[in-house]
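Student: Generate coordinates for the sequence data below:
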Amino acid sequence: MLRPLVALLIVIVLLVACQSPVLEPTPSVVDAVPLIDEVATPDAGISVVEAASPNTGTSTVEAASPDAGSSGVEAPSPNTGTSTVEAASPDAGSSGVEAPSPNTGTSGIESGSPDVGQTIVEPTSPDAGQSIVEATSLESKPSVLKAKMLIDHGLSDDAQRELIEVLFSDAEAAEKASALDLLATIAVGQNNFKAALNSWTRLIDEYPTSAEAIKAKKQLPLLASTIGEAADEIVDDATALIYLRSANFWSKGRDRKFTWDTSWIPSVEAAIHWYDRVIAEMPGSSSARLAYEQKMRTILGWKDSGKYGESHGIEKDIKYLPELVATFRAYEAEFPNATRVQGFRFLIAQSYWGQKDWAETRKWLNEIIAKDGGANSFYKDLAERRLIKVEY
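Tutor: Model prediction:
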């Protein structure tokens, strides 16, 4: 009775065994994920490629510099499912997998997928061990020299901004002292005497031993005697501003500058006094050149407007002509390349021509031609045309 039952059970077991699927060995990481070959250059150092599968573990391939003297191969462990091929560098001895840090200068490329995991490529330099990319700013620092060039080209507003940037930079004390002095000078030219006072006062307080501060101490008293219309000052108190605007409504016709009666005061001599001070105190400067030119124009003279307008300078009296010639010779010697030299020569020739001094007229006209230097300029042509007919 038992034998047939036992035989039946054996048959059932055999049938079940025949229908079961055949189990295949678990694929290694090398079979599941193809390794990425990395060829290293002599300067590349070490590169690491790491491909991970969530089911099989990790596979690491490290290619070393062609100078590497030794290499090691480690067989995959049956328990961990990892496979490692490692080539060593003679300097480093051994290598490992290291994730790049954003703070160390190393570079990394990462890409992940649900099947592969994460891939990291890390090139390193054999000397420094890391690659550093550094951005260098090419923007120039603010400077007084740049501000002066801006002024030379009529860009005073840009020059003021440049000088203010100098004051808030890490420039040397001498540079900041020059910046304050130049800011004050520009402000005077703009009739902004309050700004000039503030700049010179700060210069004296912060850089008292500088040459600019010593000069500013002498200039401050001059601000009290400036003439002309002062620029509007900025009022930093709202209540005071409201009060002042209310007052200004009722006094719109008031004079914004001082007015003097200069009757019987010789204007030419008074003007020459101040031009000579500039020439004497600032020799060789652009200010001195400008003073020479304005002094000569003053000596040449003018006539006041109106029916009974008074004449001045050579327009009034020929006695000023020798002083004009002396001033020109000093101007020519100090500024031989000034752009207005030839123009003033012709004005002197014209002054003699107006007095019917033909000899001196020809002398100055011929000097214009001789000093032309082959430029065939306007003044050479003008002198030649006047020489055709001098006497009248």
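Student: pLDDT of stretch 198-216, averaged?
Tutor: On average, the pLDDT along stretch 198-216 is 91.
Student: And the contacts of that stretch?
Tutor: Identification of contacts with stretch 198-216 by Cβ atoms under 8 Å, 6 or more residues apart in numbering yields 173-174, 176-178, 180-181, 183-184, 187, 217, 219-220. Backbone N, C-alpha and C define where each C-beta goes, glycine included.
Student: how far does it stretch from start to finish?
Tutor: Stretch 198-216 has its terminal residues 11 Å apart, counting by Cα to Cα, to the nearest Å.
Student: Just the buried positions in that stretch, please.
Tutor: 199-200, 202-204, 207, 210, 212-213, 216 (16 or more other Cβ atoms under 10 Å).
Student: Check what contacts the helix or strand containing residue 327 and list those residues.
Tutor: According to DSSP states H and E, residue 327 maps onto helix 321-334. Helix 321-334 is contacted by residues 279, 283-284, 288-289, 292-293, 295-296, 299-300, 314, 338, 341, 344-345, 348, 351-352, 355 when judged by Cβ under 8 Å, 6+ apart.
Student: Need the residues that contact the very next helix or strand once past that helix.
Tutor: Next helix or strand after helix 321-334 toward the C-terminus (DSSP H and E): helix 341-354. Residues from elsewhere that reach helix 341-354, judged by Cβ under 8 Å, 6+ apart: 293, 296, 300, 314, 321, 324-325, 328, 331-332, 335, 360-361, 363-365, 367-368, 371-372, 377, 379, 382-383, 386, 390.
Student: can you state the direction angle for helix 341-354 and helix 321-334?
Tutor: 160 degrees (axes from the mean of the first three to the mean of the last three Cα atoms, to 10 degrees).
Student: when you give positions from now on, start the count at 335
Tutor: Got it, first residue is 335 now, which makes that one helix 675-688.
Student: tell me the mean pLDDT for helix 675-688?
Tutor: For helix 675-688, the per-residue pLDDT averages 96.
Student: Using PDB, list the CA coordinates for it.
Tutor: Output of helix 675-688 as PDB, limited to C-alpha atoms (Å, rounded to 0.1, in the frame of the first residue of the first chain):
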ATOM      1  CA  VAL A 675      52.100 131.400 -31.300                       C
ATOM      2  CA  GLN A 676      51.600 132.200 -35.000                       C
ATOM      3  CA  GLY A 677      48.300 133.800 -34.400                       C
ATOM      4  CA  PHE A 678      49.800 136.300 -31.900                       C
ATOM      5  CA  ARG A 679      52.600 137.000 -34.400                       C
ATOM      6  CA  PHE A 680      50.100 138.100 -36.900                       C
ATOM      7  CA  LEU A 681      48.200 140.200 -34.400                       C
ATOM      8  CA  ILE A 682      51.400 142.000 -33.500                       C
ATOM      9  CA  ALA A 683      52.100 142.600 -37.200                       C
ATOM     10  CA  GLN A 684      48.500 143.900 -37.600                       C
ATOM     11  CA  SER A 685      49.000 146.300 -34.600                       C
ATOM     12  CA  TYR A 686      52.100 147.800 -36.300                       C
ATOM     13  CA  TRP A 687      50.200 147.900 -39.600                       C
ATOM     14  CA  GLY A 688      47.400 149.900 -37.900                       C
END
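Student: Name the residues of that helix that come out as buried.
Tutor: In helix 675-688, counting by 16+ other Cβ under 10 Å, buried: 675-676, 678-683, 685-687.
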